[in-house]
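Undergrad: let me see the structure of the following:
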Amino acid sequence: MHLTTFLAVGLLPALPYARSIPSRRSVDCSFHTSPDSGATCATFADAWGMSEDDLKALNTGIKCPNIDTGATYCVIGSVNDNPDEPSPTAVGPKSTTAASTKVTSVIKTTPTAVSPTVPQKPSTTKQPSGNGVKTPDAIQEGMVTNCNKFHEVKDTTTCQGILNYNKITLADFIKWNPAVGKDCSKLWKGTSACVGVIGSKPQPTATAPSNGIKTPSPIQAGMVKNCVTFHYISSTTTCQALLKYRKITMGQLFKWNPAVKKDCSGLWKDTHACVAVK
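TA: Presented below is the predicted three-dimensional model:
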């Protein structure tokens, strides 16, 4: 059996490439999303850090090169070539980054190089949560004690994947797991990270504003409620290109999307930005 695991990535550890996929397979999908208007199979796959073949493997029957932008597709999941065989072998998308004991992720629109750090041993001390929820054995230091939901960090886990899957913000994730660092570059495999605390609510995946236009998912916090046009932020999207293409000013973009900041340094890939209001 051959198991192929895909995850939206910033930087992923390099893993063996998959052999050709036989006709018999099952797909276990963790996250679906829709492509941006005008996307093709190639551009949609690239936006999620995978090849077109990877996208086809996760979505049997998908028609390429053109893609139905009104449909949803699996972008995080695993493909099992032969469900009856034991001992699956995990593989992942192509990467030129050497394997490391540290899981890294670059999720800003403008990639930022992360300097190597000295590995630290994860804490194996159970912390009492006080909420009746058992804390896993392996956690990173400083994790909040009121955590009631955990996410296991594996070889192919990335920060962006955790945020998408659990529908939480990077700010909350860092607040609950301070050891991961402000850029999430110190997320360690083999540990469990906190992805929910008592009283917290997941980010809404979509909203239905009073103007009757459905808001796509995901979006950044604070977007205006009267938005009528959205722009998908891919891994190659830049602020300048976005402003030029939509014929809007930086002041307008910031007003409608305050999370991007006045200098646009907070614009995040794999989200939708508001580019016109009613």
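
Undergrad: which residue ranges form the strands in the stretch 151-278 of the chain?
TA: Applying DSSP state E, counting those that start in this stretch to the stretch 151-278 of the chain gives strands spanning 187-188, 192-197, 227-233, 271-277.

Undergrad: in JSON lines, list the ones you listed along with mean neighbour count and distance to G70.
TA: In short, each C-beta sits where N, CA and C put it, glycine included. JSON lines is the format used below for these (neighbours: other C-beta atoms under 10 Å; distance: least, C-beta to C-beta, whole Å):
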{"stretch": "strand 187-188", "mean neighbour count": "22", "distance to G70": "35"}
{"stretch": "strand 192-197", "mean neighbour count": "22", "distance to G70": "31"}
{"stretch": "strand 227-233", "mean neighbour count": "19", "distance to G70": "14"}
{"stretch": "strand 271-277", "mean neighbour count": "20", "distance to G70": "15"}
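
Undergrad: C41 is nearest to which of those strands?
TA: strand 227-233 (15.1 Å; C-beta to C-beta).

Undergrad: list the strands paired with the closest one, with their directions.
TA: strand 271-277 (antiparallel) (DSSP bridges).

Undergrad: what lies in contact with the partner strand?
TA: 215-220, 223-224, 226-233, 242, 246, 248, 253, 256-257, 260, 267 (C-beta atoms under 8 Å, 6 or more residues apart in numbering).

Undergrad: same thing but at 7 Å, please
TA: 216, 218-220, 223-224, 226-233, 246, 248, 256-257, 260, 267 (C-beta atoms under 7 Å, 6 or more residues apart in numbering).

Undergrad: quick one: least confident helix or strand in the chain?
TA: When each helix and strand of the chain is scored by mean pLDDT, DSSP states H and E, strand 102-103 comes last, with a mean of 32.

Undergrad: looking at the strands of the stretch 151-278 of the chain, which is closest to A179?
TA: strand 187-188 (8.2 Å).

Undergrad: so what strands line up beside that closest one?
TA: Strand 187-188 is paired, per DSSP bridges, with strand 102-103 (antiparallel).

Undergrad: okay, buried residues for stretch 172-180 please.
TA: For stretch 172-180, the neighbour count (16 or more other C-beta atoms under 10 Å) marks 172-174, 176-177, 179-180 as buried.

Undergrad: for it, measure first residue to last.
TA: 12 Å (C-alpha to C-alpha, to the nearest Å).

Undergrad: got it, and stretch 37-44?
TA: 10 Å.
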